[in-house]
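In: dropping a prediction and its sequence here:
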Protein chains: 2
Amino acid sequence: MPEQIGFIGLGIMGRPMALNLLRAGHALSVHARRAESMAPLVAAGASACASPAEVARRATLIFTMVADTPDVEAVILGTGATHGAIPSGNDSGTGVSATTEQAVIAGLQPGTLVVDMSTIAPAATRTIGAQLRAAGADLLDAPVSGGETGAIDGTLSIMAGGSDAAFARALPLLQVLGANIVHIGGPGAGQVCKACNQIVVAATMAGIGEALLLATASEVDGAKVRAALLGGFAGSRILEVHGQRMLDGAYQPGFKASLHQKDMRIVLETAHALGLALPGAAQVAQYLNALVGQDQGELDSAAIHLVQRWLNGGPTPATD
Amino acid sequence: MPEQIGFIGLGIMGRPMALNLLRAGHALSVHARRAESMAPLVAAGASACASPAEVARRATLIFTMVADTPDVEAVILGTGATHGAIPSGNDSGTGVSATTEQAVIAGLQPGTLVVDMSTIAPAATRTIGAQLRAAGADLLDAPVSGGETGAIDGTLSIMAGGSDAAFARALPLLQVLGANIVHIGGPGAGQVCKACNQIVVAATMAGIGEALLLATASEVDGAKVRAALLGGFAGSRILEVHGQRMLDGAYQPGFKASLHQKDMRIVLETAHALGLALPGAAQVAQYLNALVGQDQGELDSAAIHLVQRWLNGGPTPATD
């Protein structure tokens, strides 16, 4: 009997990912908090479920793709709604909530594999995985990079953490969703790798932003600087894409600053728990805090360059 | 009559660059402070000159490739030896010094073009250029990236600042030395671009270094993190080369930390003069200061990752 597949969380990322699984010929049981999020999936042939628990009663391989740590805890364990200072009913749009009796764990079949593709705290992933394994199931953490475009095109980079058996079991389905799929290590290793990815992206963007500040203040054409650097050792995909965004002031997402802020919070919480000094990550996180604080969190995260310009007297939301 | 060419400064970079010009069939008048630096060039057919002034009396297109701002000032104007706190007789190895009567300006022929390929302060470049133009000559600033390998292979990236006429005149010779040659703008624009390049390289290296710290502290394999990130949006030439250096602890240069420290000093002096806040560049410069302060300036500048490790309790020179 083929594996029965579930998909929970049908936001900007989850919706096109679930559609790609349907198009690849897989039957799908889906859930999202808002019925309207399920409608396009149901129209494409998926079965709507009233709760994560109902998905778990129907499926033995369940994808979750929600916004933040408390959302994953809510969906899988039903505990996230009371998590710390961050409400699970956040506004970042994946639209999932659950009480304990509605959560995956309440409907879990023995041998089920949950594949969490959300970006959340590595420590929380390890705790959730331990609870699933205690219930006779398993967890693969498999966060992604590549954004909405990668989700639509099925070209996401996927960083997986978990047992070899869990990775092997999920791999044929991950290959529907992504193009660059790496098994990083044991439970949580995928989330650690995603945190590393977000550090490098943020640091590179901040460096490029400062370079463009220096060019502009020196009355040198930033476009020519970008072109020269692209051809040399300083070249990167981020310089190519986000360097151009900064030159154009084109900050439509892409990847929202509010989500990058959340990811850098995870980085810094993890560093705090580990007793690890990451001064660069801490500094860039402040730019994202300032962006969100000035109601610019819906912009692409390359808009950290806007904050670098505010810092140097550029037009702010208050002056616009 | 073909242009008579001079080359001043025959260190790690200048020597292979001058050799490439000779091999391309150009007669060359050369000078270096130490006779032994001139020997391999003379053996390859160059004429040795006793001073920069003698080079200027023989040549109408003069390359300079020395270590720092005071060195260029000393060679061209003869003023660098008394420049600020930084002695021109530095230990960084290009071996050039000159009094005013020995300097290029003392032997200058009208219409001469000086092409300075050193990495120096943009403000100093503009001042030197103004003095050369007042003497009926011209200056093109044309700093490079690509290191010793690029110099030997003739594949340097060259970032040029100066008039269209100066750029056009130098271009056929620059094409012997480099592969990616961009005319960024007017006088000083090449140096500004090089400063931008060094900001981006330093920031990207620091971000990659912090990512690897997080991976290691989380007991996740840094090599797998590097491989996963290389395939995605965080990929860069720096992750490829310096990420591997950091994983291997392989810090033979490459590009010396002491020179990157000097370049970041130029960045921060320029930012200070402009009244420009560059917190990321300032932070990374501290790592380079610490490296040089601990007598590690001869290591490749990717060794900033060593300082990130010292900061987190890794073995220091004192504990080794």
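Out: That came through, no problem. Numbers count the residues shown, from 1 in each chain, chains lettered A, B, ... in the order given.
In: give me the residue ranges of the stretch 201-320 of chain A where confidence is low.
Out: Under the criterion pLDDT under 70, the flagged ranges of the stretch 201-320 of chain A are A:320.
In: which parts of it are helices?
Out: Under the criterion DSSP state H, counting those that start in this stretch, helices of the stretch 201-320 of chain A are mapped to A:222-230, A:237-248, A:257-274, A:279-293, A:304-311.
In: now distance to A:L28 too, for the ones you listed, in JSON lines please.
Out: Every C-beta, even on glycine, is put in place using the N, C-alpha and C of the backbone. Formatted as JSON lines, the helices of the stretch 201-320 of chain A follow (distance: least, CB to CB, whole Å):
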{"stretch": "helix A:222-230", "distance to A:L28": "41"}
{"stretch": "helix A:237-248", "distance to A:L28": "32"}
{"stretch": "helix A:257-274", "distance to A:L28": "25"}
{"stretch": "helix A:279-293", "distance to A:L28": "34"}
{"stretch": "helix A:304-311", "distance to A:L28": "37"}
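In: with adjacent residues omitted, what lies nearest to the residue nearest the centre of chain A?
Out: The centre of chain A sits closest to A:T119, judged by CA atoms, centre = their mean, with a distance of 4.1 Å. With CB to CB, 6 or more residues apart in numbering or on different chains as the criterion, A:T119 has its nearest non-adjacent residue at 4.5 Å, and that residue is A:P143.
In: quick revisit: could the helices of the stretch 201-320 of chain A go into CSV alongside mean neighbour count?
Out: Output for the helices of the stretch 201-320 of chain A, formatted as CSV (neighbours: other CB atoms under 10 Å in any protein chain shown):
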stretch, mean neighbour count
helix A:222-230, 22
helix A:237-248, 19
helix A:257-274, 21
helix A:279-293, 21
helix A:304-311, 22
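In: in JSON lines, list those along with distance to chain B.
Out: Below are the helices of the stretch 201-320 of chain A laid out as JSON lines (distance: least, CB to the nearest CB, whole Å):
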{"stretch": "helix A:222-230", "distance to chain B": "4"}
{"stretch": "helix A:237-248", "distance to chain B": "6"}
{"stretch": "helix A:257-274", "distance to chain B": "5"}
{"stretch": "helix A:279-293", "distance to chain B": "5"}
{"stretch": "helix A:304-311", "distance to chain B": "5"}
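In: where does the stretch 51-200 of chain A have low pLDDT?
Out: A:80-98.
In: where do the helices sit along it?
Out: Using DSSP H, counting those that start in this stretch, helices in the stretch 51-200 of chain A cover A:52-58, A:69-76, A:104-107, A:122-134, A:147-153, A:164-177, A:189-217.
In: closest to chain B out of the ones you listed?
Out: Proximity to chain B (CB to the nearest CB) singles out helix A:189-217 among the helices of the stretch 51-200 of chain A, at 2.4 Å.
In: is any residue of that closest one near chain B?
Out: Yes. With CB under 8 Å from any CB of the partner chain as the measure, helix A:189-217 is seen reaching chain B through A:189, A:192-193, A:195-197, A:199-204, A:206-208, A:210-215, A:217.
In: coming back round to it: can I get the helices of the stretch 51-200 of chain A in JSON lines including distance to B:F7 and mean neighbour count?
Out: Converted to JSON lines, the helices of the stretch 51-200 of chain A look like this (distance: least, CB to CB, whole Å; neighbours: other CB atoms under 10 Å in any protein chain shown):
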{"stretch": "helix A:52-58", "distance to B:F7": "72", "mean neighbour count": "23"}
{"stretch": "helix A:69-76", "distance to B:F7": "61", "mean neighbour count": "29"}
{"stretch": "helix A:104-107", "distance to B:F7": "71", "mean neighbour count": "24"}
{"stretch": "helix A:122-134", "distance to B:F7": "55", "mean neighbour count": "20"}
{"stretch": "helix A:147-153", "distance to B:F7": "49", "mean neighbour count": "18"}
{"stretch": "helix A:164-177", "distance to B:F7": "56", "mean neighbour count": "17"}
{"stretch": "helix A:189-217", "distance to B:F7": "29", "mean neighbour count": "28"}
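In: can those go into CSV with extra columns for distance to B:G9?
Out: Formatted as CSV, these follow (distance: least, CB to CB, whole Å):
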stretch, distance to B:G9
helix A:52-58, 69
helix A:69-76, 56
helix A:104-107, 68
helix A:122-134, 51
helix A:147-153, 47
helix A:164-177, 55
helix A:189-217, 26
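In: so A:L77 sits against A:T100, correct?
Out: Yes. If you go by CB atoms under 8 Å, A:L77 and A:T100 touch, sitting 7.3 Å apart.
In: who has more neighbours, these two?
Out: Legend: neighbour count by other CB atoms under 10 Å in any protein chain shown for A:L77 and A:T100, higher for A:L77 (20 against 13).
In: quick one, what contacts that one?
Out: Applying CB atoms under 8 Å, 6 or more residues apart in numbering or on different chains, we find A:L77 in contact with A:T100, A:A103, A:V104, A:I105, A:I128, A:Q131.
In: those residues: which two are farthest apart?
Out: A:T100 and A:I128 (13.7 Å; CB to CB).
In: domains of chain A?
Out: A:5-186, A:193-311 (automatic domain parsing).
In: which of those sits closest to B:S236?
Out: domain A:193-311 (3.5 Å).
In: distance between the closest one and the chain's centre?
Out: In terms of CA atoms, centre = their mean, to the nearest Å, the gap separating the centre of domain A:193-311 from the centre of its chain is 17 Å.
In: surely A:L173 touches A:I5?
Out: Yes. The criterion here is CB under 8 Å, and A:L173 meets it with A:I5 at 7.1 Å.
In: name the residues contacting each of these two.
Out: A:L21, A:H26, A:L61, A:F63.
In: can you tell me the SS state at the second one?
Out: Which is A:H26. coil (DSSP: H, G, I helix; E, B strand; the rest coil).
In: do the first one as well
Out: Using three-state DSSP as the criterion, the local structure at A:L21 reads helix.
In: contacting residues around it?
Out: A:I5, A:F7, A:L28, A:F63, A:L173, A:V176, A:L177.
In: kindly report the same for the second one.
Out: A:H26 makes contact with A:I5, A:L173, A:V176, according to CB under 8 Å, 6+ apart.
In: quick check: it vs chain B, distance?
Out: A:H26 sits 25 Å away from chain B, taking CB to the nearest CB, to the nearest Å as the criterion.
In: the third one now?
Out: Look at A:L61 and chain B: by CB to the nearest CB, they are 22 Å apart.
In: so that residue sits right up against A:P2, yeah?
Out: No. Using CB under 8 Å as the test, A:L61 is too far from A:P2 to be in contact (10.0 Å).
In: which of these two has more residues huddled nearby?
Out: Using other CB under 10 Å, the more surrounded residue of A:L61 and A:P2 is A:L61, with 20 against 8.
In: so what's the more buried one up against?
Out: A:E3, A:Q4, A:I5, A:G6, A:T112, A:L113, A:V115, A:R169, A:A170, A:L173.
In: follow-up on the earlier one: just the contacts of A:H26 that are near chain B?
Out: Here nothing survives when these are matched to chain B using CB under 8 Å from any CB.
In: name the nearest of the residues you listed relative to B:A160.
Out: Among these, A:V176 lies closest to B:A160 (CB to CB), at 48.9 Å.
In: which residue sits closest to that closest one, ignoring its sequence neighbours?
Out: Among residues not flanking A:V176 along the chain, A:A24 sits closest, at 4.6 Å (CB to CB, 6+ apart).
In: burial count for the one you found?
Out: For A:A24, the count of nearby residues is 13 (other CB under 10 Å).
In: keeping just the C-alphas, turn stretch A:221-230 into PDB.
Out: C-alpha atoms of stretch A:221-230 as PDB (Å, rounded to 0.1, in the frame of the first residue of the first chain):
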ATOM      1  CA  ASP A 221      28.100  54.700  -9.300                       C
ATOM      2  CA  GLY A 222      26.900  51.800  -7.200                       C
ATOM      3  CA  ALA A 223      25.800  49.900 -10.300                       C
ATOM      4  CA  LYS A 224      29.300  49.900 -11.600                       C
ATOM      5  CA  VAL A 225      30.600  48.800  -8.200                       C
ATOM      6  CA  ARG A 226      28.200  45.900  -8.200                       C
ATOM      7  CA  ALA A 227      29.200  44.900 -11.800                       C
ATOM      8  CA  ALA A 228      32.900  45.000 -10.900                       C
ATOM      9  CA  LEU A 229      32.500  43.000  -7.700                       C
ATOM     10  CA  LEU A 230      30.300  40.400  -9.400                       C
END
